[in-house]
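Trainee: Pasting a predicted model and its sequence here:
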Amino acid sequence: MESAEGLNHFKVGLLPTVFYIPDFISDEDETMILDDIYKAPASKWKSLKNRRLQNWGGVVHEKGLLPQELPIWLTNITKKIYQETNLYPAPINHVLINEYRPNQGIMPHQDGPAYFPVVTILSLGSPVVMDFTPHSRLKSCPDQLTESFDDNDSNGASDVETHCPFSILLMPRSLLVFKDEAYSGYLHGISDNSLQCYEQAVNKIEVRNCLLETENPTVEVNCNHSCFERTNNRLSLTCRLVPKVHKHLFRR
Ligand SMILES: O=C(O)CCC(=O)C(=O)O
Ligand SMILES: [Fe+2]
């Protein structure tokens, strides 16, 4: 995948700006990145009520970034993402690493205004379902429409059809990319439940076999209900660009 055109191959769902790339990195790369994450000093972790996180790249303010150089192991992966997605106008300069226990998630939210409106999320460890919900100003999706999703021609999808909630199943080693309308018109979140259902996932067909066939020790799959039980931690790298960097502020 070497251009934005190549990325179109990975478009999922009705929105034109959501992409799911399975196996973006190898097993070996996943192991190495996990090692590097856990090699970081304990003080690098910040515990929140429902997850813990590491902040890399500097402090994000509403008006921009007070930068800190990314470590080499993060530069390696963000460079690959930057080059292969070809969506950022400059190299990724900020990475948030979230760690979720099996019963932890993240409240529906929209990412802040300081970021360029492209987000890439690399998933590690356990699979999880991410839910996208349109902002209330866009909620125009009658319930019955969700049932006829499969019959819709994605090229001709109207506003009403496109402003429906949807989910994406994120397998370990996959890269989720979303931008523009999916970034600013929708909230994204993960339920804080160890039981995750992917019945409504827009990439259900692509990932179903992957989930069922691999003897994945991180999940217990219930085939009949398109659900699985998380049994391991999930980690994610949320990679973004803060276009405005305060190079000389607060320097001693
Ligand atoms: O862990 C994830 O996949 C989502 C993280 C996220 O939305 C964020 O850090 O803003
Ligand atoms: Fe987010």
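Mentor: Right, received. Where do you want to start? Ligands and ions are numbered 1, 2, ... in the order given.
Trainee: Which strand or helix spans Tyr82?
Mentor: Here Tyr82 sits within helix 72-85, counting by DSSP states H and E.
Trainee: just for this structure, where's the confidence low?
Mentor: Within the chain, the stretches falling below the threshold (pLDDT under 70) are 1-5, 137-162, 213-225, 248-252.
Trainee: Spatially central, which residue of it would that be?
Mentor: Nearest to the geometric centre of the chain sits Ile121, at 3.5 Å (C-alpha atoms, centre = their mean).
Trainee: Return the set of buried residues in the helix holding Tyr82.
Mentor: Of the residues in helix 72-85, those scored as buried under the neighbour-count criterion (16 or more other C-beta atoms under 10 Å) are Trp73, Leu74, Ile77, Thr78, Ile81, Tyr82, Glu84, Thr85. All C-beta spots, glycine's among them, are computed from the backbone N, C-alpha and C.
Trainee: measure the closest residue to the first one other than its chain neighbours to ligand 1 for me?
Mentor: Across the structure, with C-beta to C-beta, 6 or more residues apart in numbering as the measure, the residue nearest Trp73 apart from its sequence neighbours is Asp36 (4.2 Å). From Asp36 over to ligand 1 the distance is 17 Å, taken as C-beta to the nearest ligand atom, to the nearest Å.
Trainee: and Leu122, what does it touch?
Mentor: Applying C-beta atoms under 8 Å, 6 or more residues apart in numbering, we find Leu122 in contact with Phe24, Ile25, Ile33, Ile77, Ile81, Arg173, Ser174, Leu175, Ser236, Leu237, Cys239.
Trainee: got the contact list for the helix holding Tyr82?
Mentor: Helix 72-85 is contacted from outside by 1-2, 4, 6-7, 24-25, 29, 32-33, 36, 56-57, 70, 88, 91-92, 95, 118, 120, 122, 175, 177, 237, 239, using C-beta under 8 Å, 6+ apart.
Trainee: now the residues you listed: which count as buried?
Mentor: Among the contacts of helix 72-85, the ones that count as buried by 16+ other C-beta under 10 Å are 1, 7, 24-25, 29, 33, 36, 56-57, 70, 88, 92, 95, 118, 120, 122, 175, 177, 237, 239.
Trainee: Filter these down to the ones in helices?
Mentor: Secondary structure of the buried ones among the contacts of helix 72-85 is defined by DSSP state H; positions in helices are Leu7, Asp29, Ile33, Asp36.
Trainee: Can you lay out the residues you listed as TSV showing distance to Glu206?
Mentor: Conversion of those to TSV gives the following (distance: C-beta to C-beta, whole Å):
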residue	distance to Glu206
Leu7	15
Asp29	21
Ile33	23
Asp36	29
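Trainee: Tell me the one of these nearest Val128?
Mentor: The closest of those to Val128 turns out to be Ile33 (C-beta to C-beta; 16.8 Å).
Trainee: who does the residue in the chain that ligand 1 sits nearest to bridge with?
Mentor: As assessed by C-beta to the nearest ligand atom, ligand 1 sits closest to Ser236 within the chain, at 3.4 Å. Partner residues in beta bridges with Ser236: Asn98, Ser123, with DSSP bridges as the criterion.
Trainee: what sits against it?
Mentor: Applying C-beta under 8 Å, 6+ apart to Ser236 gives the contacts Ile97, Asn98, Tyr100, Ile121, Leu122, Ser123, Leu124, Leu170.
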